[in-house]
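Participant: Predicted structure and sequence below. I'll ask about it afterward.
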Amino acid sequence: MISVKNISKMYPLYKDPRDRLKQSLWYATPRFLRRKQAPIFFREFWALKNISFDVQQGESIGIVGRNGSGKSTLLQIMAGTLTPTLGEVHVQGQVSALLELSTGFNPEFSGRENIFMNGIIRGLSQTKIDELYDNIVAFADIGDFINQPIKLYSSGMAVRLAFAVQTFVPKDILIVDEALSVGDVAFQRKCMASMERFRDNGGTFILVSHNTQSIVQHCERCLLMVEGELLADGPAKMITDLYEKIMFSPPADARQLILNIKQTGWKHISSQSSLNPIANSDNQAENGLAKLMPDKMPLTNYSSQQNSDLQDYFDPNLPQLDTMVYGNGAAKITDYFIKNMQDEKVNVLISGRYYRWIYRVQFFENKQDIHFGLLIKTKDGITLSPLTNKQLKTTVSFIPADMEIEVSFQLKLNLVSGVYFFNLGLATMENEELNYLHRLVDAGMIRVISPDSRQLTGLVYVEPEFDYKFIEPASTI
């Protein structure tokens, strides 16, 4: 569907506007008057460096990286709006790209005129555009502004119309570059539903976002870009975890991690932790996890009411997964466990009961206003319950160096049967940025079992009840 082969993109950077003029004049000089060696009045900036990968039909791929890492440049080349300096891109199928606000719109034309202009550019007939017009206008939902020039639109209105056009025009490949961040919540959900339908119908979907949850939720594969290079390409959850480690590690640690990945490949990079050893083989954890999934578990003959005799317990055979560890070294999580209300350590838990997540932290530096966190998520990395002491209106104002403390989050476990993972961490806010002192991503795994025989689906256990009654028909007068 898309084949990217050794592409690089260079931009000339001029120190002075006069240097740009000199360079232009040299190129405008007749060949017989030129010197053999071209003078260089600029510095080369390589936005992309030797990028190669393939995208198969029906794949959903996310792209993550810091600002300036080359994500948008790469998308523009794939969309055909930018030419690479070196290398080549082969695309099979119709590409629909939402790269910038009001992409492809003439600001002097009205929304209606731009809809028809975009349709004609894509080769649609007047009849086909007429058929799609009402659906596009309804999806955009911008009212009478559809007849006003685009230059009068707010950023939210422009992206509404742009996405509406992309939704209804025929396409094989959809590329979205963080454009939905300006829309309201209801419109974002409508766009996500549209993208999900496109993906489920076999369309190829490429998404750039700084929101790693969106990448994990909507993409099966992810590319990590660093300074114009493709650093890693793999499963979405693994790559987004690696991206967050690079983002939140101290600069020196992040640079060393990037260097190690370039030398050995990302699959060989793992965080060493005596608390959670790495699985002996790549398939061990995956195979162990498969045995724990709800459809693999035997049904238990519980009564229709909650079974008070059902016991939670600690299962030493729950598979160990890789734990991603990072932080600035000011503190360290030294131990962690889960306890029930009888003060017993457990990792097989029962829906609807209370549990305490406990972890111990050793501080090596004086720290103020500390944020302690617990995050529970699905096996696919979808966040279910991000908790911090700040959310719970509890402030930890100061902890001195050489102090060890124990942190506890108590909660009612309203999750349906299944396997879940959790993160632990602590951080401070410095210069309005979150600075992790220590963080464990995928610190541990829990198995949740139902308190009764009801086979509930979804993610959240809401303790449902159902009843009905007959209503006497109204008497006729």
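Facilitator: Received, thanks. Numbering: from 1, shown residues only.

Participant: Flag the shaky bits of the stretch 301-450 of the chain, pLDDT-wise.
Facilitator: Counting by pLDDT under 70, the stretch 301-450 of the chain contains low-confidence ranges at 301-309.

Participant: let's see it at 50
Facilitator: 301-306 (pLDDT under 50).

Participant: Show me the strands in it, by range?
Facilitator: 324-326, 331-339, 348-350, 354-363, 367-378, 383-388, 396-399, 404-412, 418-430, 433-449 (DSSP state E, counting those that start in this stretch).

Participant: ok, the residue lying closest to residue 240 once chain neighbours are set aside - how many residues close by?
Facilitator: Take residue 240 and drop its neighbours on the chain: the residue closest to it by CB to CB, 6 or more residues apart in numbering is residue 212, 4.0 Å away. Heads up, the C-betas are built off the backbone N, CA and C, glycines and all. A count of neighbours around residue 212, defined by other CB atoms under 10 Å, yields 21.

Participant: just residue 469 next, same as before
Facilitator: 4.

Participant: what's the spacing between the residue nearest to residue 240 and residue 1?
Facilitator: In this view, residue 212 and residue 1 are 24 Å apart by CB to CB, to the nearest Å.

Participant: do the same with residue 450
Facilitator: Taking CB to CB, one finds residue 450 at 42 Å from residue 1.

Participant: Residue 215 too?
Facilitator: 19 Å.

Participant: ditto for residue 91
Facilitator: Going from residue 91 to residue 1 by CB to CB gives 7 Å.

Participant: domain assignment for the chain?
Facilitator: As assigned by automatic domain parsing, the chain contains the domains 2-93+172-262, 284-296+310-449.

Participant: got the end-to-end distance for the longest one?
Facilitator: Start-to-end span of domain 2-93+172-262 (CA to CA, to the nearest Å) is 24 Å.

Participant: Quick one: mean pLDDT over it.
Facilitator: The predicted model assigns domain 2-93+172-262 a mean pLDDT of 87.

Participant: quick thing: my sequence starts at 43, can you match it?
Facilitator: Taking 43 as the first residue, the last one we looked at is domain 44-135+214-304.

Participant: Going along the chain, name the helices of this structure.
Facilitator: 59-70, 113-121, 153-163, 168-182, 197-210, 227-242, 254-260, 278-290, 293-306, 326-334 (DSSP state H).

Participant: Check which residues of the first one are buried.
Facilitator: Of all the residues in helix 59-70, those buried under the rule 16 or more other CB atoms under 10 Å are 61, 65.

Participant: what's the one residue sitting closest to the centre of the chain in contact with, if anything?
Facilitator: Central residue of the chain (CA atoms, centre = their mean): residue 254, 2.1 Å from the mean position. By CB atoms under 8 Å, 6 or more residues apart in numbering, residue 254 lies in contact with 106, 282, 285, 286.

Participant: Now for the first one, how many residues are close by?
Facilitator: Translated: residue 106. Using other CB under 10 Å, residue 106 is surrounded by 28 other residues.

Participant: Residue 182 reaches residue 203, doesn't it?
Facilitator: Yes - using CB atoms under 8 Å, residue 182 is in contact with residue 203, at 4.6 Å.

Participant: the more surrounded of these two?
Facilitator: Using other CB under 10 Å as the criterion, residue 182 and residue 203 rank with residue 203 on top: 26 against 23.

Participant: what sits against that one?
Facilitator: Residue 203 is in contact with 144, 147, 153, 156, 157, 178, 182, 184, 188, 192, 195, counting by CB under 8 Å, 6+ apart.

Participant: Residue 257 and residue 43: who's more crowded?
Facilitator: residue 257 (25 against 16).

Participant: what's the closest non-adjacent residue to the more buried one?
Facilitator: Residue 257's closest residue in space is residue 104 (CB to CB, 6+ apart), at 3.5 Å.

Participant: right, and the one you found touches residue 278 too?
Facilitator: Yes - here residue 104 reaches residue 278: they are 5.7 Å apart, a contact under CB under 8 Å.

Participant: residues shared between the contacts of those two?
Facilitator: 257, 258, 261, 263, 264.

Participant: Need the max-distance pair from these.
Facilitator: Spatial extent of the shared contacts of residue 104 and residue 278 (CB to CB) is set by the pair 258 and 263 at 11.0 Å.

Participant: Looking at those two, which is more packed in?
Facilitator: More neighbours surround residue 258 than the other of residue 258 and residue 263, with 24 against 19 (other CB under 10 Å).
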